[in-house]
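> Here you go, sequence then predicted model.
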Amino acid sequence: MSYTPATERTIYFIGTTTGQSSIMKVFPRWAEALKLNAVIKGIDFVPDEGAPRYREAVRFIKRDPLSLGALVTTHKVNLLKASRDLFDELDPYAETLGEISSISKRHGRLCGHAKDPITVGRALEAIVDEGYWRRTGGELLNLGAGGSSMALTLYLHTKAKAGRDVPARVVVTALDGNGLADIREVHRRIGIALPIDYAVTPEPAAADRLLTRLPRGSMVVNATGLGRTARDRPSRTPQSSHETASRGNSTIAETSYSSNRRRRRRRTNLCASWMVGSTSSTAGRLLSQRWLISIFRPPALRLNC
């Protein structure tokens, strides 16, 4: 891929199908409102792109004067692995997680940042108030052990170290033991400061069993890739968990990313299909998170998209 030097202040969106993303329409409005005098351009890679392509993009941004930085999705881990030596500075979250979600320049230095623990934390705080976990004794079941799960557990670790309110226990799942290796290593390295268990769930029934054992007031986070569209890679969500939970004494409430391609042709939207009634006003704050978040707490409110 050849890159043309920018002729105006430019930020890049590094993803898979960036032209279909709503940010391409939203950013110009932000730039106008904030008087940024900048434009956004997409750079598309297939998932698990080769290291030379990642390095080429990062090197171009680093050397081009009017290329000011980038937003990175999908390729957060692989891009940093391929080009770590090109960065002059990484923030503490990027160092810990081994990924970057944004690139910036400061005084001629190329900087990598991992912002997911911050945005994940804000999404969680929009649902549960401080003191919620102490009041309820609820636990958190995190379906998936990838980047989103790492970000969430790192956020909770930071809260626990500060003596703040966290779940009584966190359970992280993966389809096999290898899927848990990276997150276990991150937790070992930071000395995870909250009770956490790891579980292998090779089939939906295994996830169902974990779900039905949760105490009332617990939360289920689907970080399995449900928000990815089919053209990226298939979701491996434990499909029967919703049905299993609904048979118990708890009410499921969830927000989910709408990836219906025909719907997206009409309007790019993130669909809040179920929200806990008392938190329905926070749906907008969750739209940046491509997660299904479930709370075991009635009543639930149906939001049609």
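Okay, I see it.

> Now name the helix or strand holding Leu110.
Element membership for Leu110, per DSSP states H and E: strand 109-113.

> contact partners of that strand?
Contacts to strand 109-113, defined as Cβ atoms under 8 Å, 6 or more residues apart in numbering, come from residues 58, 61-62, 80, 86-91, 93-94, 100-105. For every residue, glycine as well, the C-beta is placed using N, CA and C.

> which stretches of the stretch 1-150 of the chain form helices?
Under the criterion DSSP state H, counting those that start in this stretch, the stretch 1-150 of the chain carries helices at the ranges 23-34, 51-63, 76-83, 92-97, 116-127, 132-136, 147-161.

> For Leu110, the count of nearby residues, please.
20 (other Cβ atoms under 10 Å).

> partner strands of the strand holding Leu110, parallel or antiparallel?
Strand pairing for strand 109-113, determined by DSSP bridges: strand 89-90 (parallel), strand 102-106 (antiparallel).

> Any chance of JSON lines for those, columns distance to Thr119?
Shown next, in JSON lines, are these (distance: least, Cβ to Cβ, whole Å):
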{"stretch": "strand 89-90", "distance to Thr119": "18"}
{"stretch": "strand 102-106", "distance to Thr119": "11"}
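
> pLDDT below threshold where in this protein?
Low-confidence segments of the chain, defined by pLDDT under 70: 225-305.

> coming back round to it: how about the strands paired with strand 109-113 in TSV, adding mean neighbour count and distance to Ile196?
Output for the strands paired with strand 109-113, formatted as TSV (neighbours: other Cβ atoms under 10 Å; distance: least, Cβ to Cβ, whole Å):
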stretch	mean neighbour count	distance to Ile196
strand 89-90	16	25
strand 102-106	18	27
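
> Of those, which is nearest Leu214?
Taking Cβ to Cβ, strand 102-106 is the member of those nearest to Leu214, at 34.2 Å.

> now the angle from the closest one to helix 76-83?
50 degrees (axes from the mean of the first three to the mean of the last three Cα atoms, to 10 degrees).

> ok, residues contacting strand 102-106?
With contact meaning Cβ under 8 Å, 6+ apart, strand 102-106 is reached by 58, 61-62, 68-72, 89, 110-113, 115.

> now with 7 Å?
61, 68-72, 110-113, 115 (Cβ atoms under 7 Å, 6 or more residues apart in numbering).

> returning to what we had before: buried residues in the strand holding Leu110, which are they?
110-113 (16 or more other Cβ atoms under 10 Å).

> Out of those, which comes closest to Lys25?
Distances from Lys25 to the buried residues of strand 109-113, taken by Cβ to Cβ, are shortest for His113, at 23.8 Å.

> how near is the closest one to Leu156?
20 Å (Cβ to Cβ, to the nearest Å).

> That concludes my questions; thank you for your assistance.
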